[in-house]
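S.K.: have a look at this prediction, sequence included:
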Amino acid sequence: MSVVDKLGCKETLQQEAKIFVRHQKPKVSFGNIEGKRTVRTLEGKRVQIPVRLTGEGSWTVQFKDAEGKFHLQKMDRANDFIDARYAGQYELISVRDVVCPGSVEESASIFTITQVSRPKLSVAESPLMEKHENTLVRKDVCENDEDALDIMFEGRPPFSLKYEEHITLEQGQKSLMNKDMNVPQSTAQIKMDTAKAGQYEYRLSQLGDENYDPDQKHPQHLTIKQRVNPRPSASFATPGKVYSFCHHEGSSEEVIPIKLQGHPPFTVDVELRGIGKASRPIPITFSNILVETYDLRIPHSHLQSGNSALFIRRIRDSRGCERVLDTTPSTPRVQISVHAAPTISDVEPQKRDYCVGERISFALSGQNPFAVYYNFEGRELKADKIREAVFRRIAERPGNFTITGISDAASTCRGSANVTKIIHAMPSVKVSKGRESRVDIHAGGEAEITFEFGGVPPFEFTYQRSENAKKGDRRDHGAILETKTLTSLTDKLSIRASEEGTYEVVAISDRYCSFARSGHEGQVKRGNLLKEHGEL
């Protein structure tokens, strides 16, 4: 071996140099896992990506990870691996062995890791639900209503769900319940707790599937809220009481008080059932009740003669909640007794006018004791505890006496009446202005005697002429000489007297009444006796 320079000089070399030439450059590529350069793995699980190398070890391999970062890794084996922490795409950039730089096999330069998703859940859309961020508000329900929440799962079944149920009852008590669900398929229902009224909150916290266990580090952050409303209630204020009603409707009939609880307005359904009768129950509905203490007024058209029982069957409130009461014999009820109203009738229906001192009588029917209602000269009066079948009153003074009604002991029924009797004052007469007078007349002369009447014309009166009392005689007059009856159409009458004697009225009557002095009753056409000083 020799070497020649620029001038053409040649020099023979005495030493030898050996040059070794390799058949191939170093190469790097990703190997397969189960025949593929892709792999699915669970979150947080490391993957050893296989790397295939040719050349003289050791090798320095440059690659880019799933986050886009570049790394240099020294490898000592022809079949080595890259320890991958994250899902994504890994790419080989370059390789160099112990002697030479190499090349990357383009067709095997990329390896992809995909991550198996954690299970997820969602709640089916429903018009019964409103969404507020991560909280769902479900429509209110009533106590013991059936309600369930439809849940859909994503992942690999079976699924396991842990959730918390936070309860705040209507009375204020709070409680917490931890619950677990195992679901073999992709859908399930959570049965809502409606046993007691209150506010319920379901916090779905931990979800697992075939791949992942429930993990507190990966909460679901989904809350469902729901209010359970109490059912309204209704009861009689006085269960078992007997209420009395009349055959004919009247203002004095009883009302049946009930007590309500809930959110007004209420609707109450009651049932009226005859006792010991084959008649069908009568349903009655009372709507738009705005108060919690309410007086039921049973329509008179629904009342049946005799005894019946009234039951409360159903109550509904404004929240749509209702309570249905059972029909057992122990169900609270009240009794209803329907009676005929007592009556009062006129003993003398043909007689309308009475005189002071006369007795007015009425016949009573029903169950004693009775109470009779009447009006006298504008005053409303009542006579009660009448145990006889006749009501009597003495006409003590003039005026209009009207019977207006009657009630008895059998019920609160009040029989109506409208019987009026007119009580008249006794007629009166004054002779010579009511004074005792003495008139001397001559033989053949006359004296005028004037009679003034009180009452209602025409008047009929009887007077007597008797001997004048002798001096010293204690009697008012002597023997009766003459008795005469006259009639006057007006309240004043004058006569001429020419006969000697004492003139005295002994009886008088007007259109309605009459009386006479004792011993002269035969001259009286009407009435009783009354005497006043200076008058008859």
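M.R.: Arrived safely, thanks for sending.
S.K.: could you list the domains of this protein?
M.R.: What automatic domain parsing lists as the domains of the chain is 27-116, 120-229, 233-339, 343-424, 428-523.
S.K.: run through the neighbouring helices and strands of the host helix or strand of residue 224.
M.R.: Assessed by DSSP states H and E, residue 224 sits inside strand 222-229. On a contact count with 3 or more C-beta pairs under 8 Å, 6 or more residues apart in numbering; DSSP states H and E, strand 222-229 meets strand 120-123, strand 135-142, strand 198-208. (C-beta placed from N, C-alpha, C; glycine too.)
S.K.: show me where pLDDT drops low in the stretch 1-150 of the chain?
M.R.: 1-3, 5-8, 10-23 (pLDDT under 70).
S.K.: tell me the secondary structure at residue 351.
M.R.: coil (DSSP: H, G, I helix; E, B strand; the rest coil).
S.K.: what sits against it?
M.R.: Each residue near residue 351 by C-beta atoms under 8 Å, 6 or more residues apart in numbering is listed here: residue 421.
S.K.: same check on residue 380?
M.R.: 373, 404.
S.K.: out of the domains of the chain, which is closest to residue 4?
M.R.: Closest approach to residue 4 among those (C-beta to C-beta): domain 27-116, 30.9 Å.
S.K.: any idea how far apart the tips of the closest one sit?
M.R.: 32 Å (C-alpha to C-alpha, to the nearest Å).
S.K.: and the domains of the chain as TSV, adding distance to residue 4?
M.R.: Shown next, in TSV, are the domains of the chain (distance: least, C-beta to C-beta, whole Å):
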stretch	distance to residue 4
domain 27-116	31
domain 120-229	76
domain 233-339	114
domain 343-424	152
domain 428-523	185
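S.K.: can you list the strands that the strand holding residue 224 pairs with?
M.R.: Take DSSP bridges as the rule and strand 222-229 pairs in its sheet with strand 135-142 (parallel), strand 198-208 (antiparallel).
S.K.: which of the ones you listed is buried the deepest?
M.R.: Most buried of those by mean neighbour count (mean count of other C-beta atoms under 10 Å) is strand 198-208; its value is a mean of 20.
S.K.: how about residues contacting that strand?
M.R.: Under the contact criterion C-beta under 8 Å, 6+ apart, strand 198-208 has outside partners 118-121, 149, 153, 155, 159-170, 190, 192-193, 214-216, 218-220, 222-228.
S.K.: what packs against the helix or strand harbouring residue 271?
M.R.: Following DSSP H and E, one finds residue 271 within strand 266-274. Contacts defined by 3+ C-beta pairs under 8 Å, 6+ apart place strand 266-274 against strand 256-261, strand 282-289, strand 293-296, strand 306-316.
S.K.: mind checking which of the strands paired with strand 222-229 is nearest residue 305?
M.R.: strand 135-142 (40.1 Å).
S.K.: could you point out which element follows the closest one?
M.R.: Later in the chain than strand 135-142, the nearest helix or strand by DSSP H and E is strand 148-154.
S.K.: what's the angle from that following strand to strand 135-142?
M.R.: Using axes from the mean of the first three to the mean of the last three C-alpha atoms, to 10 degrees, the direction of strand 148-154 lies 150 degrees away from that of strand 135-142.
S.K.: pLDDT wise, what is residue 311 at?
M.R.: Reported pLDDT at residue 311 in the predicted model: 91.
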